[in-house]
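Chemist: okay, here's the prediction I keep looking at, along with the sequence it came from:
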Amino acid sequence: MSEAAGTGAGAGAGVTLGLLAAWVVHDAEELAMVPRWTRARVPELRERFPQVPPALWRRLESAGEGPGFAVAVAGVGVVMAAAAVDGRRTGGRSGFYQSALTGFGVHGVAHLAQAAAVRGYTPGSVTAPLVVIPFTLWARRRLRRAGVLRPARARDAVWGLALAAAVTAGAHAVAGRIVPRDRPRGTAG
């Protein structure tokens, strides 16, 4: 029996390193679609949702401009790669890996909620039901079969989502330091 078959040795590479592969597919959609989507949809959404603070709309509008968004995505990728490698190293037992996996799955559900809220496509909403959520459910089943899945609690989903939000915010903050946003024309440097 192989390690992936659940001999007690833990989960195999498809389950652990597969997290990074699934993330790459999902974030490729976001990288490809965010610039065009924000230009096309944010003006309309700004009118539909006036309760959203203007500063958040400005951040969203500038998200896909220039290399900053790609740098932020790469920063999240470093964290996802570290989680996947730690998962592989521990046969899927790593709390870091399992939290990242949970966060990834909850993140997929959040994409579906976003698409429902705007009543249409949002970047990431195609791969969320086709890649993110199915991979997460499959990986969790494999971890359970291998006997290494930590018991799921509602707080795990909250922590997973909090981890995803913190990593995303941190990556955007770092990207903002590495790739400063363009100053408006006519301002001094």
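Modeler: Great, that's in hand.
Chemist: low-scoring stretches of the chain, by residue?
Modeler: For the chain, the stretches with pLDDT under 70 are 1-8, 156-157, 160, 180-189.
Chemist: where do the strands sit along it?
Modeler: Under the criterion DSSP state E, the chain contains no strands.
Chemist: relative to Val15, how far out is Gly64?
Modeler: Distance, Gly64 to Val15, using Cβ to Cβ, to the nearest Å: 32 Å. All C-beta atoms are positioned from the backbone trio N, CA, C, and that covers glycine.
Chemist: I meant Pro54, not that one.
Modeler: Taken as Cβ to Cβ, the span from Pro54 to Val15 is 43 Å.
Chemist: those two: which is more packed in?
Modeler: Val15 (28 against 9; other Cβ atoms under 10 Å).
Chemist: distance check, the more buried one against Glu65.
Modeler: 37 Å.
Chemist: likewise for Thr136?
Modeler: As defined by Cβ to Cβ, Thr136 lies at a distance of 31 Å from Glu65.
Chemist: the longest helix along the chain packs against which elements?
Modeler: For the chain, the longest helix by residue count, based on DSSP state H, is helix 13-48. Applying 3 or more Cβ pairs under 8 Å, 6 or more residues apart in numbering; DSSP states H and E, we find helix 13-48 packed against helix 54-63, helix 68-89, helix 95-118, helix 127, helix 133-145.
Chemist: that helix: which residues count as buried?
Modeler: Residues of helix 13-48 classed as buried under the neighbour-count rule (16 or more other Cβ atoms under 10 Å) are 15-16, 18-20, 22-23, 26-27, 29-30, 33-34, 37-38, 41-42, 45-46.
Chemist: could you check the angle that helix makes with helix 95-118?
Modeler: 30 degrees (axes from the mean of the first three to the mean of the last three Cα atoms, to 10 degrees).
Chemist: so helix 13-48 versus helix 133-145, what angle?
Modeler: The directions of helix 13-48 and helix 133-145 differ by 140 degrees, with the same axes, to 10 degrees as the criterion.
Chemist: the closest residue to Ala13 other than its chain neighbours: what's it in contact with?
Modeler: In space, Ala13 comes closest to Arg88 once its chain neighbours are excluded; the distance is 6.0 Å by Cβ to Cβ, 6 or more residues apart in numbering. By Cβ atoms under 8 Å, 6 or more residues apart in numbering, the residues touching Arg88 are 13, 16-17.
Chemist: now those as CSV including distance to Gln98?
Modeler: Shown next, in CSV, are the contacts of Arg88 (distance: Cβ to Cβ, whole Å):
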residue, distance to Gln98
Ala13, 16
Thr16, 10
Leu17, 14
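Chemist: great, nothing more from me.
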